[in-house]
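Undergrad: just a sequence and a predicted model for now, questions to come.
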Amino acid sequence: MSGSSKRILFIFLSLALFMGSAFLYSTFVKDAYQNITTLRSDLASKTDSFVKTQETITRVQSLLKSLQNASEVQKRASLILPNEKDPGYLINQITGLARVNGLELESLSTQVAPLQPSRSNIVRNVGRLKADLRLKGSYAGFKSFLKNLENNILILDVNDLRIEANQAKGETSTLNYSLSITSYYQVE
């Protein structure tokens, strides 16, 4: 066999191998590649769905945790704005603050004021409880008393305030204070 016939034979053989590999590629590899592409898209879709589900679960868990603390928040809110009229709570707050600030409580009376109807469906009606009191003591103690009323957990408003000097013979000068305090509560 001559060199030129060997070259032609190798060219035909290489052409046959090339056509065989093209046939095998088109028959087996192309179908497998399409299956792989389909499986990859399914995997990406399921991974995205899994991530979104995990985010939703995390949000629901945080919401449940916040709802578990709702009773504590409700208790704190009922200290600020009680759910019912409670003159004892108001009296306890006032007498405690007067005692802490060195003031002598001479008289205390409470009365229920008319309701303030709410203009909104979301907010309940608000009731008012009014306390009229007379105190006796130093100006510094009364000043501190007013500051404590302002910072008290219960919402309190000072409405009327009168100060009278009372100086008896042989005693140090004391002041008499008359004031009205309004407290608020929620009405069903």
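TA: Structure's in. What do you need? Numbering: from 1, shown residues only.

Undergrad: element containing residue 157?
TA: Secondary-structure assignment from DSSP states H and E places residue 157 in strand 156-166.

Undergrad: and the next helix or strand along the chain from that strand, which strands flank it?
TA: Counting by DSSP H and E, the next helix or strand C-terminal to strand 156-166 is strand 174-187. When sheet partners are counted by DSSP bridges, strand 174-187 sits next to strand 125-137 (antiparallel), strand 156-166 (antiparallel).

Undergrad: got the angle for the least confident helix or strand in the chain by mean pLDDT vs strand 174-187?
TA: In the chain, no helix or strand scores lower on mean pLDDT, DSSP states H and E than helix 70-80, which sits at a mean of 72. Here helix 70-80 points in a direction 140 degrees away from that of strand 174-187 (axes from the mean of the first three to the mean of the last three C-alpha atoms, to 10 degrees).

Undergrad: in helix 70-80, which residues are buried?
TA: For helix 70-80, burial by neighbour count (16 or more other C-beta atoms under 10 Å) applies to no residue. The way it works is simple: take the backbone N, C-alpha and C, and place the C-beta from them, glycine included.

Undergrad: which helix or strand lies directly C-terminal to it?
TA: Following helix 70-80 in sequence order, the next helix or strand is helix 87-100 (DSSP H and E).

Undergrad: by how many degrees do that next one and strand 125-137 diverge?
TA: With the same axes, to 10 degrees applied, the angle from helix 87-100 to strand 125-137 works out at 30 degrees.

Undergrad: helices or strands next to helix 87-100 in the packing?
TA: Of the remaining helices and strands, those touching helix 87-100 by 3 or more C-beta pairs under 8 Å, 6 or more residues apart in numbering; DSSP states H and E are strand 104-116, strand 125-137, helix 139-151, strand 174-187.

Undergrad: okay if I get those as CSV plus mean pLDDT?
TA: CSV is the format used below for the helices and strands packed on helix 87-100 (pLDDT from 0 to 100):
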stretch, mean pLDDT
strand 104-116, 88
strand 125-137, 90
helix 139-151, 91
strand 174-187, 89
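
Undergrad: ok, and the closest non-adjacent residue to residue 106?
TA: Leaving aside its chain neighbours, residue 106 sits nearest to residue 134 (4.2 Å; criterion: C-beta to C-beta, 6 or more residues apart in numbering).

Undergrad: quick one: mean pLDDT over the top helix by length along the chain.
TA: Ranked by residue count, the top helix of the chain under DSSP state H comes out as helix 30-68. For helix 30-68, the mean per-residue pLDDT is 84.

Undergrad: spatially central residue in this protein, please.
TA: residue 66 (7.6 Å; C-alpha atoms, centre = their mean).

Undergrad: state the distance from it to residue 60.
TA: When C-beta to C-beta, to the nearest Å is the yardstick, residue 66 and residue 60 sit 11 Å from each other.

Undergrad: how's the protein carved up into domains?
TA: Using automatic domain parsing, the domain parsing of the chain gives 1-68, 82-187.
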